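[1] quick one, structure for this:
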Amino acid sequence: MFKKLFGKKEEVPSTVTVHSPITGTLVQLDEVPDPVFSQKMMGDGMAIKPDEGVVVSPVDGEIIQLFPTKHAIGIRAKNGAEILIHIGLETVGMNGEGFTAHISEGTKVRVGDKLVEFDIPLVEEKASSTITPIIITNGDSISSINKQSVGKVQAGQSPIMEITAK
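    So this is what the prediction gives:
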């Protein structure tokens, strides 16, 4: 009981490692066939060409946004970095068809927790691409983003970026 009352507050890390939220191939953002992402209009980051239709949490943190169509998730990492995972391109028009969410806004998550499942063949049929951008949306609060080299990545295991908050 006294430990709860007088225990030290959890240290907030300034740097967090972002793990791949999807198993697939990690690519640079400029390879995303959508200028909103490739020209970093929403922020910097990386993208993944998925091999599997499962999205897991890339960081320990909290779900701050789950779009009603379940095609995009916002997560706040412990250092305050806000990460947007946008499943596919032009997927908002699918109105949630083929997407199953396993979390809701306010859910606390750990690296590897399942967030959303999606039907890759359906996304390929109904959207313009399955490529999934992972964007840091609050770049003005970030002092550095160190990206890993491109290649095959495993969901919840492969580090793809290190983000340091100001």
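
[2] does Lys152 touch Val27 like I think?
    No. Assessed by Cβ atoms under 8 Å, Lys152 is found out of contact with Val27, at 11.1 Å. For glycine as for every other residue, the C-beta is placed from the backbone atoms N, C-alpha and C.

[3] looking at the two, which has the bigger crowd around it?
    Taking neighbours as other Cβ atoms under 10 Å, Lys152 and Val27 compare with Val27 leading, 16 against 11.

[4] could you check the pLDDT of the closest residue to Val153 other than its chain neighbours?
    Excluding the flanking residues, the one nearest Val153 by Cβ to Cβ, 6 or more residues apart in numbering is Ser20, at 3.8 Å. We have a pLDDT of 98 for Ser20.

[5] how about Phe2?
    pLDDT at Phe2 comes out at 49.

[6] the one 10 residues further on now?
    Val12 is assigned a pLDDT of 78 by the prediction.

[7] if you average pLDDT per helix and strand, which one of this protein comes out bottom?
    helix 2-6 (a mean of 52; mean pLDDT, DSSP states H and E).

[8] re the thing from before, ok, now which ones touch the residue nearest to Val153?
    Ser20 sits next to 26, 48, 58, 153-160 when contact means Cβ atoms under 8 Å, 6 or more residues apart in numbering.

[9] repeat that with 6 Å
    Residues near Ser20 by Cβ atoms under 6 Å, 6 or more residues apart in numbering: 153, 155, 158, 160.

[10] wasn't the last one part of a helix?
    Okay, so that is Ile160. No. Ile160 sits outside any helix when classified using DSSP: H, G, I helix; E, B strand; the rest coil, being strand.

[11] relative to Gln28, how far out is it?
    From Ile160 over to Gln28 the distance is 11 Å, taken as Cβ to Cβ, to the nearest Å.

[12] which of those two has more neighbours?
    Neighbours per residue, other Cβ under 10 Å: of Ile160 and Gln28, the larger number sits with Ile160, 22 against 13.

[13] quick one: residues contacting that one.
    Shown in contact with Ile160 (Cβ under 6 Å, 6+ apart): 18, 20, 26, 46, 148.
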